[in-house]
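# build me a structure from this.
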Amino acid sequence: MCVTVCELIFIIIFPPIAILIARGCDVHFFINIVLTIIGWIPGVIHAIYICFYYEPPGTAHPAIQYNL
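Numbering: from 1, shown residues only. Just a heads-up that it's a prediction; the model follows:
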């Protein structure tokens, strides 16, 4: 619960920091920096998606992966 609240605070204050904490320094971090520079709201939307909904390729649940 606390981690989720802390992520939301970082997402609202400065979205790239939330991406950096959640996923590390990868392409999504740099995409989020560009989106935040273009406009704060696109950066926030992208950060919410990456932090809470995005699953990297290869991390699917076994039941989904094997069509069981």
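# from here on, contacts and neighbour counts on C-alpha atoms
Fine.
# any idea how far Gly39 is from Pro16?
Distance, Gly39 to Pro16, using Cα to Cα, to the nearest Å: 13 Å.
# between those two, tell me which one has more neighbours.
Pro16 (25 against 11; other Cα atoms under 10 Å).
# now do the buried residues in the helix or strand hosting the more buried one.
If you go by DSSP states H and E, Pro16 is part of helix 15-23. Under the neighbour-count criterion of 16 or more other Cα atoms under 10 Å, helix 15-23 has Pro15, Pro16, Ile17, Ala18, Ile19, Leu20 buried.
# elements contacting it?
helix 2-13, helix 27-38, helix 40-52 (3 or more Cα pairs under 8 Å, 6 or more residues apart in numbering; DSSP states H and E).
# run the chain-centre distance for the second one.
Going back to what we said before, that points to helix 27-38. Going by Cα atoms, centre = their mean, to the nearest Å, the spacing between the C-alpha centre of helix 27-38 and its chain's C-alpha centre is 11 Å.
# hmm, who's touching it?
Pro15, Pro16, Ile19, Leu20, Arg23, Pro42, Gly43, Val44, His46, Ala47, Ile50 (Cα atoms under 8 Å, 6 or more residues apart in numbering).
# OK, contacts around the second one?
Residues near Pro16 by Cα under 8 Å, 6+ apart: Phe29, Phe30, Asn32, Ile33, Thr36, Gly43, Ala47.
# please report how far it lies from Tyr49.
Relative to Tyr49, and taking Cα to Cα, Pro16 is found at 12 Å.
# do the first one as well
Taken as Cα to Cα, the spacing of Pro15 relative to Tyr49 amounts to 11 Å.
# grab the nearest non-local neighbour of Ala22.
Cys51 (6.1 Å; Cα to Cα, 6 or more residues apart in numbering).
# pretty sure that neighbour sits against Ile19.
Yes - at 6.7 Å, Cys51 counts as touching Ile19 under the criterion of Cα atoms under 8 Å.
# for the residue nearest to the spatial centre of the chain, give me its contacts.
Central residue of the chain (Cα atoms, centre = their mean): Ile50, 2.3 Å from the mean position. Contact analysis of Ile50 by Cα under 8 Å, 6+ apart lists Ile19, His28.
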